[in-house]
Each structure stands twice: as C-alpha cells, then as structure tokens.
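Enquirer: Got a sequence here, can you build the structure:
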Amino acid sequence: MINTNRIVPVEKTDLISLYGLILLQASGNSGLAKLASLDVAGDYQVTSNNAKYICDQPVKSVDIDATTSSVSASTIYFVPAYDYVGFSIDGTAVETAGVDVDPANGGQLYSATLSSGTITIAQVGF
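Expert: Prediction:
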C-alpha cells in the first residue's frame, strides 16, 4: 500500500474497469480495448492480430483464432474466474509459459502475451 494513513476507498467503479484505467496510463497500452465475453461464463475469443485487450469480466477460457483470423500476436489482460480453465489456440488447449494462474486469488491481474505460437502469462502489479 502506498499510503496507509489516508486511504481512499474504491466505491464508484468495479475492479476490472479500474485496472483498465490504470493500464491506459502507460503509453505502450494506448490501444487497449475491451474484449467482450462470448457468454456469462467468461469464455472469450481473440480474432484481431496485434491487439491489446482487457477482458470485461473474470476469465474462464480464452481461445485465440490463429487460423481463420490470422492472429499471431496479442496481449490480453485478465482476472481469472474461480473456474478458470486456461488458453487455447484454434480450440486446442495449450500449455502456457511464465507464472501459474491462481484463480482462488479473486482479483489478481495477469497478462497473457501470444508471440511465436507461445502464450506467456505474467502477473501484473506488486
């Protein structure tokens, strides 16, 4: 915590929207866009190449459409759902590199970066 003496509570927005606002402050994230879930369960599909997204709700699964949409690079910021499954490319589950996702945390922000056919997961923040 930066200031333990004067805490301002977050009451007017949700955590994911707050993360999006903070991410937009970095010049490298100027093209950050919302990725809308396909359903209420938190399933997503990425169809734009070289895009930077933040998922609009906790993520159960993300499929990257590498063949039809020619997605070869992308960055996805996400908070995992409690029933987080993981990532797939063209419908086939893939092993990710980087850190393990802890869905029980309930609010941790992660990034998933697709590059050269590999998805690398990183924890964002402290």
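Enquirer: count of neighbours near Gln123?
Expert: Gln123 has 15 neighbouring residues, counting by other C-beta atoms under 10 Å. Yep, even glycine has a C-beta here, placed from its N, CA and C like the rest.
Enquirer: Hmm, it is touching Val99, no?
Expert: Yes - applying C-beta atoms under 8 Å as the test, Gln123 and Val99 come out as touching, 5.3 Å apart.
Enquirer: Which neighbours do the two have in common?
Expert: Among the neighbours of Gln123, those also in contact with Val99 (C-beta atoms under 8 Å, 6 or more residues apart in numbering) are Tyr110.
Enquirer: show me where this protein has helices.
Expert: For the chain, the helices defined by DSSP state H occupy 15-23.
Enquirer: Which residue ranges of it form strands?
Expert: Ranges of strands within the chain are 33-35, 43-46, 51-55, 61-64, 74-78, 86-89, 92-93, 97-98, 110-115, 118-123, based on DSSP state E.
Enquirer: and the fifth one, what other elements does it pack with?
Expert: So the one you mean is strand 74-78. helix 15-23, strand 43-46, strand 51-55, strand 61-64, strand 110-115 (3 or more C-beta pairs under 8 Å, 6 or more residues apart in numbering; DSSP states H and E).
Enquirer: Turn these into TSV, columns for distance to Gly91.
Expert: Rendered in TSV, the data for those read as follows (distance: least, C-beta to C-beta, whole Å):
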stretch	distance to Gly91
helix 15-23	26
strand 43-46	10
strand 51-55	18
strand 61-64	6
strand 110-115	15
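Enquirer: Please tell me the pLDDT value assigned to Asn105.
Expert: On pLDDT, Asn105 comes in at 85.
Enquirer: Run a quick neighbour tally on the residue nearest to Ala81 when sequence neighbours are not counted.
Expert: Spatial nearest neighbour of Ala81, excluding adjacent residues (C-beta to C-beta, 6 or more residues apart in numbering): Pro58 at 3.8 Å. Close neighbours of Pro58, defined as other C-beta under 10 Å, add up to 20.
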